[in-house]
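**Student:** Please work out how this folds:
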Amino acid sequence: MKGPYAQWMERWEHKLATRDTNRVVRPFDWGSDYLSSLDFPGFPADANGSTAECLEQFVAHALADSDCFFSYTPVRDYRLDEENRLTFTSPVRTPHPENNTTHALWFPTPKDLGRVVIVLPQWNSGPDGHVGLAKLLNRFGISALRMTMAYHAERKPAETARADYHVSSNVGRTIHAGRQSVLDVRACVDWLERKGYSRIGVLGTSLGSCVAFISAAHEPRITTGIFNHVSMNFADVVWTGLSTQNVRQGFTGNVSLEELRRYWSLISPSAYLHRLKGRDLKTLLIWASHDSTFLPVYSRQVLDQFRELELPHSVFNLPCGHYTTGQFPFNLIDGLTMCRFAVRNL
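**Tutor:** Just a heads-up that it's a prediction; the model follows:
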């Protein structure tokens, strides 16, 4: 039986998670057109007329050579304006022109000793998301580059009210968007390296945490990873999370959780934990005891796997939920924890 604090936190979390009224249930789609458009070896012709079987073959092939899947052509058109807004053409092309330009805000600070953190906010974050955290990193003597992920904020197509195209019941497009955000992060690393930075970290929250983890697993120049809310499998979060029930409804009668877990393993941290073996990646894993989106059972799976694989890491537990992490005093506790870890380990 839940105690008074847990009940109070659950009510608060539910209130915050359900305040948005613009969530929609989008139709199910395999999204094979998004996967066949990749420069990675193409989506196979229908195996016995089964798109599902084609998708399984594609995912297996990509997992077997994820270095190739997450490879990219270097960016040549970085532009930094007078307001420290960095833009460049994303290494991944999509049918949506707005999404093909990557946006980032640059927060340099004097005497950063060559330390910088790429900051990735949560799903559906607006253009001001995590700007305060970037400025807090500055106060700790660390420069920050706050990147907008695919289909978010300035990159959001006009026909969408939310960042639905990054996470939706379109299986292939969700994989495509995850890959795009990872490659955009790697392109940001290139830009920072050109500026002379060699001590580069990545910090991601919620969806940003997943993108940050996969980026760190494939980008050896990233030496510090701060993962704010963690879960093993992308599909588990979407299927069980309070705020993603509209996405789950789109899968009803089309795909089971077990199937979706296989398809989206390509954009799940669980597939890449082994890549951290032998890496000197300073890692902070943050989870929340009353999380309604990244359920604690899935966060504990991450902690267990890090221990079993003997991967060096630190853990911080927040006594709140997913949405309540952004509320005082938990936002302050969370922000200070991440900044202190960065200044000690970067």
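
**Student:** ok, longest helix in this structure?
**Tutor:** Assignment by DSSP state H gives helix 171-194 as the longest helix of the chain.

**Student:** can I have that one written out in CSV, keeping just the CAs?
**Tutor:** In CSV, the C-alpha atoms belonging to helix 171-194 read as follows (Å, rounded to 0.1, in the frame of the first residue of the first chain):
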residue,chain,number,x,y,z
VAL,A,171,7.7,2.7,-36.4
GLY,A,172,10.2,3.6,-39.1
ARG,A,173,9.9,7.3,-38.7
THR,A,174,10.6,7.0,-34.9
ILE,A,175,13.8,5.0,-35.7
HIS,A,176,14.7,7.6,-38.4
ALA,A,177,14.2,10.5,-36.0
GLY,A,178,16.3,8.9,-33.3
ARG,A,179,19.1,8.3,-35.7
GLN,A,180,18.9,11.9,-36.9
SER,A,181,19.2,13.3,-33.4
VAL,A,182,22.2,11.1,-32.6
LEU,A,183,24.0,12.2,-35.8
ASP,A,184,23.2,15.8,-35.1
VAL,A,185,24.9,15.4,-31.7
ARG,A,186,27.9,13.9,-33.4
ALA,A,187,28.0,16.9,-35.8
CYS,A,188,27.9,19.2,-32.7
VAL,A,189,31.0,17.3,-31.4
ASP,A,190,32.7,18.0,-34.7
TRP,A,191,32.0,21.8,-34.3
LEU,A,192,33.2,21.8,-30.8
GLU,A,193,36.4,20.0,-31.7
ARG,A,194,37.1,22.5,-34.4
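
**Student:** I figured Leu242 hits Glu13, correct?
**Tutor:** Yes: with contact defined as CB atoms under 8 Å, Leu242 reaches Glu13; the gap is 7.3 Å. To be clear about C-beta, it is placed using only N, CA and C from the backbone, and glycine gets the same treatment.

**Student:** higher neighbour count, those two?
**Tutor:** Each of Leu242 and Glu13 has its neighbours counted (other CB atoms under 10 Å); Glu13 has more, 24 against 18.

**Student:** overlap in contacts of Leu242 and Glu13?
**Tutor:** Listed as contacting both Leu242 and Glu13 by CB atoms under 8 Å, 6 or more residues apart in numbering are Ser292, His322.

**Student:** Tell me where this structure has helices.
**Tutor:** Using DSSP H, the helices found in the chain span residues 4-17, 32-36, 51-64, 66-69, 131-139, 171-194, 207-218, 234-240, 245-251, 257-263, 296-308, 330-345.

**Student:** Tabulate these (TSV), appending mean pLDDT and distance to Arg275.
**Tutor:** Below are the helices of the chain laid out as TSV (pLDDT from 0 to 100; distance: least, CB to CB, whole Å):
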stretch	mean pLDDT	distance to Arg275
helix 4-17	94	32
helix 32-36	91	22
helix 51-64	93	11
helix 66-69	97	8
helix 131-139	98	26
helix 171-194	98	13
helix 207-218	98	4
helix 234-240	98	17
helix 245-251	96	28
helix 257-263	97	19
helix 296-308	98	13
helix 330-345	98	19
